[in-house]
Every structure is written in C-alpha cells, then in structure tokens.
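Chemist: pasting the sequence and the predicted model now:
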Amino acid sequence: MSFKDLNLIEPLERAIAKQGYKTPTPIQEKSIPSLLEGRDLIGVAQTGTGKTAAFVLPILQRMPERYPRVIRTLVIAPTRELAAQIGESFAAYGAFLKFKHAVIFGGVGQGAQVNALRKGVDIVVATPGRLLDLMEQGYISLKDIEFFVLDEADRMLDMGFIHDIKKIISRLPQKRQSLFFSATMPPQVNELARQLLRDPVHVAVVAQATTVDSVKQCVFFVDPAVKDKLLLDLLRQKHLTCVLVFTRTKHRANKLVAYLSHNGVRADAIHGNKSQTNRTKALADFRSGHTKVLVATDIAARGIDIDNISHVINFELPNIPESYVHRIGRTARAGAEGTAYSFCAADERDFLRDIEKLIRQKIEVIDHQYHSEHAKNAVGSAARPAPKGRGGFRPQNRHKRHFRR
C-alpha cells in the first residue's frame, strides 16, 4: 500500500512526499481510513511506529478552514519534548494548508504562547499543567473542540496527570472525535478510554508490553558502587556511538554527567529540573552528535525521537516494568538495529523479575570484570556466555577485537 491508496487530499500527499515518505506504517494504514470516516479510535502502539502522522493527517484533512480562527483541535501529550515534536508534525504535514497551531507547555514563560493564542490558532498541542493554567486565566476555551487526541495515555497516568486529564475532558464538547493512544493498556488506562470514547475502532500494531525484535537486550549484574566504572568501560567501546542512559532520579543523572565529563566523555542531562532552553539545547547537541551521551530520567522515555540512538543503557532499572519497554524503544527506530544494556544490583532483582515477566522473555546475562556474585545469586540466574557480535561485552578480555579503544 502507498499513501495514495489512503484517499488523502493533494496538499497532504504533497507534504508527505516532501518529507520523503512513500509507504504508510502499519498503524497509519490501519488508522487513517477509520479516522477519515470520523470514528473514535484506541491505538495501542509504542513510540516510533508512526502514530503521530496516523492522527495528524486525518485531522488536517477533516478540519475545514474557519475564520476567525478558534481552537478546534486539542492534542494532549505528557512531556514538553513530545508536545514540541507533535507540533513539528502539524507544521510539516500541514505545510500546504492554511491552519495555524500553537504548542503550550510549562518550564518557560507564557508570554509567547499567549501571544500566539491571541493571534488565533486552529490547533493546540499542550501538556496538561500549562493548558489548565491558561484555561483558568481565560486564554484558552475548549468549547469549539472538534478533534481531541490523548497521546501516551499510560505515561500521562504514570506522571500523575489523571486528575488534570479528567478536568480537561469535563470541559470538552460532547460532540467531538476522540483519539486515544497508549503503548500499554493497564486497567486505569482502559477505564479512562471507556469514559472518553464512543464505539471506538481498536488498532494495535504490536502486542502490548512487547519489546522491539531488533533490540538486543543484555543485563549486567553489578554492585551499585561500581556501576559508574562499568558504564565508562562500555562507553569507551567504539560501536557505542549515540547512547541514551536512564537513571531513576535527577540527582543521579547530574552526578553521572559530572563523572563522565571528568573522564573525557561528552555527556549532558535532561530531566524535569532543567529549563526548557537547556533541555532543547541538550537534545539538539545529542541529535547532531556533538554530545555522545544523554543521561535522562523517565521524562524522556516518550519524548525523544532520534533515529540514530545506537544504545540505551538502564543505569538503574525502572520500578515500573512498562517503563523498561518505553526506555529501550528509544533505540532500533526506523528499521535500524539497537542494543539495550541494563545494570542490575541486588536490590533491583525484583524489578528485573517484573520486567522479564512483562516482556515474557529472559534477558541475556553478560559476564564482566565488575561482576556481582551477590546480585547474580539474588536473581537466581547463572551468567551465560556473552553473545557474539554487537551485544557482546567482556571488558576483562581487553584485547578482544570489539573492546579495542
């Protein structure tokens, strides 16, 4: 199937061609026809599957031009980075249409956002907190909304936005088309979808909570005190070219960046305490290759859309197993291969068990010079030989071909 088979209008086809796309992804192929018919939709899909275009294209086609401009499309996203990326998609796919959009998020002054709203926009992409703030100040009205999209719903609930989301939904018109996207569908997310949607079409492009087949997954049993040394040894391997490292806390992320920088590795951090200016610069430097390593908290797990991330490293395992799926989904994007390394200390053994239960597979255990017998025995799994090729790592054998510096 090609995009021409989806009955999109000529300005959208032209914009798609300008972006270099010819064939729709599975979620686009399954979603766009139903959305063009005006159906509500539940989409179960991980990031990197093309779901943004799956809702942006039909909304742009179905939304007629209207003057004076009023907000008729509202997209809610959990993070500033994801909101910005969705805004970029509306700009790219709507390049030959006359709609105007605004991206609304916190962490920056509201002046520029308010000015854009005053000039009139058709589409608002927003994070929940700043949206509610501007609604309470009288700058945003939802009474004319015709299209509503809740993106990354499970992440939204993980971040504690459930009450904000319910407040926003209560202000929407009854007559609207609603789209609901989530990478996983735990009970609370299912209940929210049931309240929001009417007779929805269900689209799932991957089994829930599965990991991408092209991601090589490995785990290192290691004591917390030497995790930083193991990380540094890994990063000195040449095939780790663009690396996203996840920590559970902002403080740990900052300490890790300081340690890596002191040891000659270009690194930066991205988390909620960073200003939006700093976060945007960190992403730009990482995307351009100026920075080799980006250390992030889970705020970035759904908000980083960079195709060339070679490795994801879980410096600390997440205590929510679904977050593991989202983290490692940052690599192996756009058909590429990738590797996910996880460091497991003895007190993280339950996290590893939960992750393996969720993804329904055992993660390959890699032996190394910082190996922790205590952590290994706590999980109850014997270390297996390191696999050959891209995922293999035996730093004690420093003359192996794949560990030359």
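Modeler: Received, thanks.

Chemist: pretty sure residue 105 contacts residue 130?
Modeler: Yes. The pair formed by residue 105 and residue 130 meets the contact definition of Cβ atoms under 8 Å, at 5.2 Å. C-betas here are computed from N, CA, C, even on glycine.

Chemist: neighbour count: the two, which is higher?
Modeler: Set residue 105 next to residue 130 and count neighbours by other Cβ atoms under 10 Å: residue 105 wins out with 23 against 20.

Chemist: in stretch 216-236, what's buried?
Modeler: Neighbour-count burial for stretch 216-236 flags 216-223, 226-228, 230-231, 233-235 (criterion: 16 or more other Cβ atoms under 10 Å).

Chemist: ranges for the helices of the stretch 151-300 of the chain?
Modeler: With helices called from DSSP state H, counting those that start in this stretch, the stretch 151-300 of the chain shows them at 153-158, 162-170, 187-196, 227-235, 250-262, 276-288.

Chemist: buried ones in the third one?
Modeler: So the one you mean is helix 187-196. 189, 192-193, 196.

Chemist: which segments of this structure make up each domain?
Modeler: Domains of the chain are assigned by automatic domain parsing as 3-204, 215-403.

Chemist: residues contacting residue 293?
Modeler: Contacts for residue 293 (Cβ atoms under 8 Å, 6 or more residues apart in numbering) come out as 235, 243-245, 260, 265-268.

Chemist: buried members of these into ChimeraX, please.
Modeler: Buried subset of these, written as a ChimeraX selection, criterion 16+ other Cβ under 10 Å:
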select :235,243,244,245,260,265,267,268
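
Chemist: now, among the contacts of residue 293, which is nearest to residue 142?
Modeler: Taking Cβ to Cβ as the measure, residue 142 lies nearest residue 244 of the contacts of residue 293, at 35.3 Å.

Chemist: quick one, which of the helices of the stretch 151-300 of the chain is nearest to residue 366?
Modeler: helix 227-235 (10.2 Å).

Chemist: show me what that closest one is packed against.
Modeler: Secondary-structure packing of helix 227-235 (3 or more Cβ pairs under 8 Å, 6 or more residues apart in numbering; DSSP states H and E): helix 250-262, strand 338-344.

Chemist: could you dump the helices of the stretch 151-300 of the chain to JSON lines with distance to residue 325?
Modeler: Output for the helices of the stretch 151-300 of the chain, formatted as JSON lines (distance: least, Cβ to Cβ, whole Å):
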{"stretch": "helix 153-158", "distance to residue 325": "10"}
{"stretch": "helix 162-170", "distance to residue 325": "20"}
{"stretch": "helix 187-196", "distance to residue 325": "14"}
{"stretch": "helix 227-235", "distance to residue 325": "22"}
{"stretch": "helix 250-262", "distance to residue 325": "20"}
{"stretch": "helix 276-288", "distance to residue 325": "21"}
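
Chemist: tell me what the helix or strand harbouring residue 149 is packed against?
Modeler: According to DSSP states H and E, residue 149 maps onto strand 147-150. With contacts defined as 3+ Cβ pairs under 8 Å, 6+ apart, the packing partners of strand 147-150 are helix 51-62, strand 73-76, strand 177-182, helix 187-196.

Chemist: report the inter-axis angle for the first one versus strand 177-182.
Modeler: Translated: helix 51-62. With axes from the mean of the first three to the mean of the last three Cα atoms, to 10 degrees defining the directions, helix 51-62 sits at 170 degrees from strand 177-182.

Chemist: hang on, the earlier thing: right, and the pair among the buried residues of stretch 216-236 with maximum separation?
Modeler: Longest distance between any two of the buried residues of stretch 216-236 is 24.1 Å, between 216 and 223; criterion Cβ to Cβ.

Chemist: for residue 120, see how far away the nearest residue to residue 113 once chain neighbours are set aside is.
Modeler: Sequence neighbours aside, residue 104 is the residue nearest to residue 113 in space, at 5.3 Å (criterion: Cβ to Cβ, 6 or more residues apart in numbering). Distance of residue 104 to residue 120, computed by Cβ to Cβ, to the nearest Å: 15 Å.

Chemist: just want to know which of the two has more residues nearby.
Modeler: residue 104 (27 against 13).

Chemist: got the contact list for residue 282?
Modeler: By Cβ under 8 Å, 6+ apart, residue 282 lies in contact with 268-270, 274, 291, 294.

Chemist: which parts of stretch 110-129 are buried?
Modeler: Within stretch 110-129, the residues scored as buried using 16+ other Cβ under 10 Å are 110, 113-114, 116-117, 121-128.

Chemist: one more: stretch 28-44?
Modeler: So, applying 16+ other Cβ under 10 Å, buried residues of stretch 28-44: 28-32, 34-36, 39-44.

Chemist: just stretch 179-187 next, same as before
Modeler: Going by 16+ other Cβ under 10 Å, stretch 179-187 has these buried residues: 179-186.

Chemist: pipe these into a markdown table and attach distance to residue 49 and pLDDT per row.
Modeler: Formatted as a markdown table, the buried residues of stretch 179-187 follow (distance: Cβ to Cβ, whole Å; pLDDT from 0 to 100):
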| residue | distance to residue 49 | pLDDT |
| --- | --- | --- |
| 179 | 15 | 97 |
| 180 | 15 | 96 |
| 181 | 10 | 93 |
| 182 | 12 | 88 |
| 183 | 9 | 79 |
| 184 | 14 | 78 |
| 185 | 15 | 82 |
| 186 | 19 | 81 |
